[in-house]
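In: Structure for this input, please:
(one chain, ligands or ions: 1)
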Amino acid sequence: MSYDNWTYQSRFPSEIIGAILRNRHITETDAFLNPKYEDLISPDIFKDIEKAKSRIIKAISDNETIGIFMDYDADGVCGGAILYKALELMGAKLEYYVPERTEGYGLNTKAIQFFAKKNTKLLLTVDCGVKNHKEIVLANESGLGVIIVDHHQLEDTLPEAVAIIHPKRLKSKLELDLSGGGVAYMLSRAILNDQAQAKWLIDLAAISSVADVVPIVGANRTIVKYGLIVLNKTRNTGLKSLYKVSGLDNKNLGVYDIGFVIAPRLNAAGRVAHPKDAFRLLVSENKSDALEIAEKLNHLNSIRQEKLAKSIKEAETEVLKTKQESDNIIVISGEWHEGIIGLIASRICEKYFRPTIVLTKLDGFLKGSARSIRSVNITDLIGCAKDNLLSFGGHVQAAGLSLRKNQYKHFLKIVKFEAAKIDKNQFIKNLYIDALISPKQLTLKLAEDIEKLQPFGVGNSRPVLALEKLIVANIKIIGKDSNHLKITVCQDGVSHQCLMFDYQNKNWLIKVGDKVDIAFNLSVNEWNNRKNLDLIAEDVKKS
Ligand SMILES: [Mn+2]
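Out: Just a heads-up that it's a prediction; the model follows:
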């Protein structure tokens with residue numbers, strides 16, 4: 001069993017889809033099932049949007065150079081590429097700068113000097129900027145007006161910018177959550193006269209949204225839904241090349257392909273080499289250049305995967321060696337590539353279901369990345385030790401930090417002390433099940449209706465259903481590495497087949513003849529023009 005507890009959000013509902021929508025507090029069923037592009041929020045709702053638009057138009061008509069500075073992750077480079085392409089279509093003279101991870105997050109002096117030298121008069125900061133007070137003063141002094149296009153948490157005072165386009169700065173009280181690329185997409189819609197041109201850029205906004213794990217509800221649901229339609233027939237030369245080298249050609253792309261194939265390749269450049277390549281790929285219009293960059297990114301991604309697999313093993317050994325598996329917080333340090341410590345933290349946090357801080361030793365100091373479970377605010381927890389840190393910042397479930405080596409002992413003592421106050425009940429791993437159903441409700445029609453709730457992702461996960469008191473008739477080990485199971489279960493003469501992936505890591509104790517409850521995802525599988533039900537087990541327990 002991989003969960004400590006199952007919670008049924010409904011039992012034997014007569015209308016399963018209705019129950020799922022109710023569990024998710026979705027009241028506007030029609031708008032949810034069929035979001036229309038035309039209903040996507042208007043860029044006019046952003047404060048400063050007119051100021052941004054008129055300054056950009058002035059720059060283009062005065063033939064001024066416009067600079068684009070962006071964050072180095074997949075969200076940042078997609079956002080940067082959206083605005084680069086939009087401005088290119090408008091005939092703007094452009095320069096861009098993608099910082100390396102080692103330059104740190106946000107606008108920096110080196111970049112400002114670069115733009116000043118290129119005689120840039122207007123600078124857009126994408127997926128960063130709201131925290132760069134000092135740098136924006138410096139930019140202004142260097143003759144650069146700045147438009148901030150960001151979605152990171154706003155502070156009480158804002159930098160001296162020409163305009164700040166941000167989802168928390170709206171003319172109305174609407175609650176809006178967008179990725180950095182999502183905000184860039186709104187600005188591109190505001191400046192482009194031809195809205196058909198804007199529509200073709202929504203593919204990059206969808207990649208941003210999935211890569212930055214914003215909840216796929218509301219405006220983000222519309223962006224991802226239409227973004228996937230455009231991704232499936234993209235005109236982006238770079239993306240086409242990326243599909244070719246990563247096996248996505250002629251595939252019907254979904255959220256999974258963005259999250260597990262496209263975004264990791266765009267991020268790979270920033271994690272183990274120069275993130276500029278990811279941006280260059282997205283704006284390239286030359287087929288052979290694009291193919292060359294795509295191949296490079298694909299290769300960098302496999303290097304990253306190898307490094308990650310090895311580092312995760314080392315990190316797990318460290319957790320066991322330091323006996324922290326059941327501690328309220330796991331803190332480990334080692335010599336890992338700083339570009340992947342967040343990925344390591346996320347894997348350890350997932351495995352042990354504990355807030356996790358992973359530190360790596362750099363020249364004279366430690367750099368760390370933290371991930372947490374939903375109920376523990378990791379940034380607040382780390383903040384308790386702020387006197388022993390050089391820097392820190394983040395969100396509820398993810399944070400970054402740095403400290404001097406000689407601060408480590410005190411830091412560790414404080415976070416362990418603070419974490420000891422967390423109620424152990426927070427570490428009970430709960431599986432939320434949308435509906436407990438009866439075997440006769442399990443039909444192809446149900447599976448097809450569930451597909452209409454797509455796109456799935458954070459904030460709208462694939463529904464989990466459950467069946468109870470089934471007899472296990474057969475268990476077959478499958479897969480290249482013998483790590484999956486095909487389980488046949490029956491009840492009242494009806495039998496179903498169910499797949500369990502990676503069973504060795506799930507404390508599997510079930511035998512043939514056992515009476516079990518299964519929690520699963522349902523999907524449709526098409527094979528030889530025949531549609532079949534696919535049950536993918538999330539968990540199986542004895543009844
Ligand atoms: Mn972002």
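In: And the contacts of whichever strand or helix holds Ser54?
Out: For Ser54, the element it lies in under DSSP states H and E is helix 49-61. By Cβ atoms under 8 Å, 6 or more residues apart in numbering, the list of residues contacting helix 49-61 from outside reads 43, 64, 66, 87, 90-92, 121-122, 145, 147, 162-163, 165, 186-187, 190-191. Glycine gets a C-beta too; all of them are placed from N, C-alpha and C.
In: swap the cut-off to 6 Å and go again
Out: If you take Cβ atoms under 6 Å, 6 or more residues apart in numbering as the criterion, helix 49-61 is touched by 43, 66, 90, 92, 122, 147, 162-163, 165, 190-191.
In: any idea which of these is closest to the ion?
Out: Minimum distance to the ion across the contacts of helix 49-61 is 13.8 Å, recorded for Ile165 (Cβ to the ion).
In: Verify the stated contact: the closest one with Ser188.
Out: No: assessed by Cβ atoms under 6 Å, Ile165 is found out of contact with Ser188, at 10.7 Å.
In: Helix or strand next in line after the helix holding Ser54, which one?
Out: Assigned by DSSP H and E, the successor of helix 49-61 is strand 65-70.
In: Strands along the stretch 351-500 of the chain, start to end?
Out: In the stretch 351-500 of the chain, the strands defined using DSSP state E, counting those that start in this stretch lie at 356-362, 365-371, 391-394, 398-404, 430-433, 435-436, 465-478, 484-491, 494-500.
In: Distance to Ile20 added to those strands, as CSV?
Out: Listed next are these as CSV, based on distance: least, Cβ to Cβ, whole Å:
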stretch, distance to Ile20
strand 356-362, 31
strand 365-371, 28
strand 391-394, 32
strand 398-404, 28
strand 430-433, 11
strand 435-436, 7
strand 465-478, 9
strand 484-491, 22
strand 494-500, 20
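In: Among these, which one carries the weakest average confidence?
Out: The stretch with the lowest mean pLDDT among these is strand 391-394, at a mean of 84.
In: follow-up on the earlier one: between the strands of the stretch 351-500 of the chain, which one is closest to Leu446.
Out: Nearest to Leu446 among the strands of the stretch 351-500 of the chain is strand 465-478; the distance by Cβ to Cβ comes to 8.5 Å.
In: Next, the angle from that closest one to strand 484-491.
Out: Between strand 465-478 and strand 484-491, the angle comes out at 130 degrees (axes from the mean of the first three to the mean of the last three Cα atoms, to 10 degrees).
In: With adjacent residues omitted, what lies nearest to the most centrally placed residue in the chain?
Out: By Cα atoms, centre = their mean, the chain has its centre lying nearest to Val213, at 2.9 Å. In this structure, Val213 finds its nearest non-sequential neighbour in Val458, 5.0 Å apart by Cβ to Cβ, 6 or more residues apart in numbering.
In: cool, Ile164 as well?
Out: According to Cβ to Cβ, 6+ apart, the nearest residue to Ile164 is Ile148 (4.5 Å).
In: Would you agree that neighbour falls within a helix?
Out: No: judged by DSSP: H, G, I helix; E, B strand; the rest coil, Ile148 forms no part of a helix; its state is strand.
In: list the contacts for it?
Out: 125, 129-130, 161, 164.
In: please redo it, this time with the cut-off set to 7 Å
Out: 125, 129-130, 159, 161, 164-165 (Cβ atoms under 7 Å, 6 or more residues apart in numbering).
In: Ok, Ala74 next?
Out: 207-208, 211, 263, 266-267.
In: now with 10 Å?
Out: Ala74 sits next to 127, 179-181, 204, 207-208, 210-212, 258-259, 262-270, 275, 278, 282 when contact means Cβ atoms under 10 Å, 6 or more residues apart in numbering.
In: Arg24 reaches Ile216, doesn't it?
Out: No: Arg24 is beyond contact range of Ile216, at 11.5 Å (criterion: Cβ atoms under 10 Å).
In: quick one: which of these two has more around it?
Out: Ile216 (24 against 17; other Cβ atoms under 10 Å).
In: quick one: pLDDT of the more buried one?
Out: 93.
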